[in-house]
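Next one to model:
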Amino acid sequence: MPHSRRVALQALAFLVMISATLPGRADDRPIAEVLRALRPDHPRLYVLDEEIDGIKQQIKSDARLRRWYDRLQKDAEKMLKEPVVVHRLIGPRLLDQSRAALRRISTLAGLYRLDGDHRKADRARQEMLAAAAFPDWNPAHFLDVAEMTNALAIGYDWLYQFLTDADRARIRQAIVEKGLKPGLLIYESGRGWPTVIHNWNQVCNGGLTAGALAVADREPDLARQLIDHARRSIVRAMASFAPDGGWAEGPGYWNYATEYNVFFLSAVESALGTDFGLKQMAGFRETGEFRMQSIGPLNRTFNYADAHDSPGAAPQMFWFAKAFSRPDYAEHESRYIGDRAGIFHLLWAAGLPAALPDSAPPLDKLFRGIDVAFFRSAWNDKDAIFVAFKGGDNRANHSHLDLGTFVLDALGLNQA
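I've put the predicted structure just below:
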């Protein structure tokens with residue numbers, strides 16, 4: 001075969017492969033047209049005011065949600081007494097402070113929306129103003145910026161009516177100057193996290209998009225540029241879920257990547273009424289199965305790559321359950337977390353039935369895209385036999401040269 005024809009056929013095959021991962025009905029309208037549908041009022045992120053009464057009613061009628069609500073109230077009482085975040089790096093990272101701000105602001109503001117307790121709203125306000133006063137949010141390690149932007153976006157949006165005009169201006173300026181503008185510089189560079197296919201892509205795109213949508217009515221040009229970049233960038237990482245939902249970075253980074261992938265999708269759906277067609281990308285509907293399969297009978301993960309053996313909480317499983325009509329996702333997460341739910345478990349569980357059916361996923365599962373296989377003798381039995389094997393690609397992000405490794409759980413014991 002002539003070389004030129006062979007190259008052309010290889011290029012065609014590559015394009016066919018990529019197109020198979022893309023959404024079937026992409027919303028590729030000009031972003032200026034999309035932003036005309038921006039919900040004019042606040043809140044517009046993640047959970048809308050018209051959903052709040054339903055959540056309150058379900059907390060009253062659903063014992064599971066009531067337990068979560070009561071536990072979150074206890075957590076909030078502790079947060080009221082905690083000091084606000086400080087600009088303190090650990091090594092190269094500010095990330096522990098960004099995550100503390102996100103946990104406190106989302107919990108306190110979310111509960112304020114449910115119970116009207118002004119103490120919680122004021123404490124979240126103090127947290128936002130402290131973070132807004134930082135000299136920067138550590139753009140050298142951009143995950144820190146993305147998570148802090150998400151934290152302040154949630155507080156600004158959810159507490160908009162509680163905040164004074166001066167509060168709003170200070171918080172909005174911080175989102176713009178310390179979050180969105182540094183992010184836009186990276187998008188425009190054509191390098192770095194917007195171009196990668198792993199968790200940094202989803203976290204940075206998700207956090208910045210929340211910030212852009214929170215202030216889009218006051219900063220329309222900046223929001224237009226940023227959201228347009230984000231929707232085109234995040235497709236790269238979402239293609240990594242194809243063909244069957246596996247995640248090469250392991251269960252720990254699956255959790256981080258999908259959490260912010262869902263923050264991105266939930267934000268654009270609630271604020272703009274579109275998901276840009278991205279939910280239909282190959283493998284995304286099935287990716288909750290990867291979490292279910294990767295957790296063994298002892299509630300420990302097959303912790304390849306940089307994963308810990310503790311799975312961590314994944315409230316996005318409830319969002320997946322509703323988005324894809326997969327109650328088994330919610331049932332599995334409910335069983336795993338017990339009463340240790342976060343605010344997004346509570347908010348995203350609303351609308352699901354109080355009594356979730358027991359799931360019966362397959363006992364064996366091969367994720368062909370990453371060459372990782374799981375086998376078990378039973379679900380919901382701590383004495384079950386569970387074996388997991390890893391193949392895959394040593395070049396994957398967070399890889400540990402661990403091809404061929406396995407774990408074995410049996411009779412309540414673990415062997416790796």
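
Count the residues that sit near residue 131.
29 (other Cβ atoms under 10 Å). All C-beta atoms are positioned from the backbone trio N, CA, C, and that covers glycine.

Hmm, it is touching residue 147, no?
No. With contact defined as Cβ atoms under 8 Å, residue 131 does not reach residue 147; the gap is 10.6 Å.

and for the two, which residues touch both?
residue 101 (Cβ atoms under 8 Å, 6 or more residues apart in numbering).

So for the host helix or strand of residue 72, what gets flagged as buried?
Per DSSP states H and E: residue 72 is located in helix 63-79. Within helix 63-79, the residues that count as buried by 16 or more other Cβ atoms under 10 Å are 64, 65, 68, 69, 71, 72, 75, 76, 79.

who does that helix touch, helix- and strand-wise?
helix 49-61, helix 95-115, helix 343-349 (3 or more Cβ pairs under 8 Å, 6 or more residues apart in numbering; DSSP states H and E).

Contacts made by the shortest one with the rest, please.
Going back to what we said before, that points to helix 343-349. Taking Cβ under 8 Å, 6+ apart as the rule, helix 343-349 contacts 46-47, 55, 58-59, 64-65, 68-69, 72, 106-107, 110-111, 313, 315-316, 318-319, 322, 330, 333-334, 337, 341.

And the buried ones among the residues you listed, selectable in PyMOL?
Command for PyMOL, covering only those of the contacts of helix 343-349 found buried under the criterion 16+ other Cβ under 10 Å:
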select buried, resi 46+47+55+58+59+64+65+68+69+72+106+107+110+111+313+315+316+318+319+322+330+333+334+337+341
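
Is it possible to get the buried residues of helix 63-79 out as a markdown table so that each row also shows distance to residue 236 and pLDDT?
Formatted as a markdown table, the buried residues of helix 63-79 follow (distance: Cβ to Cβ, whole Å; pLDDT from 0 to 100):
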| residue | distance to residue 236 | pLDDT |
| --- | --- | --- |
| 64 | 37 | 93 |
| 65 | 36 | 95 |
| 68 | 35 | 97 |
| 69 | 38 | 98 |
| 71 | 38 | 97 |
| 72 | 35 | 98 |
| 75 | 36 | 98 |
| 76 | 38 | 98 |
| 79 | 36 | 98 |
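
Tell me how many other residues crowd residue 53.
Counted with other Cβ under 10 Å, residue 53 comes out at 9.

all strands for the protein, in order.
With DSSP state E as the criterion, the chain has strands at 364-367, 372-376, 386-390, 406-410, 413-415.

Among those strands, which comes closest to residue 83?
strand 413-415 (38.4 Å; Cβ to Cβ).

For the most centrally placed residue in the chain, give me the pLDDT.
In the chain, the centroid-proximal residue (Cα atoms, centre = their mean) is residue 259; its distance is 1.5 Å. pLDDT for residue 259: 98.

check contacts around it.
314, 315, 316.

out of those residues, who's nearest residue 211?
residue 316 (19.2 Å).

does residue 260 really touch residue 202, like I thought?
Yes. Residue 260 lies in contact with residue 202 (Cβ under 8 Å); the separation is 4.5 Å.

related to what we said a few turns ago, tell me the one of the contacts of residue 259 nearest residue 307?
Nearest member of the contacts of residue 259 to residue 307, counting by Cβ to Cβ, is residue 314, at 12.8 Å.

so how far is residue 332 from the nearest residue to that closest one once chain neighbours are set aside?
Excluding the flanking residues, the one nearest residue 314 by Cβ to Cβ, 6 or more residues apart in numbering is residue 255, at 5.3 Å. For residue 255, the distance to residue 332 (Cβ to Cβ, to the nearest Å) stands at 13 Å.

More neighbours: which of those two?
Legend: neighbour count by other Cβ under 10 Å for residue 255 and residue 332, higher for residue 332 (26 against 23).
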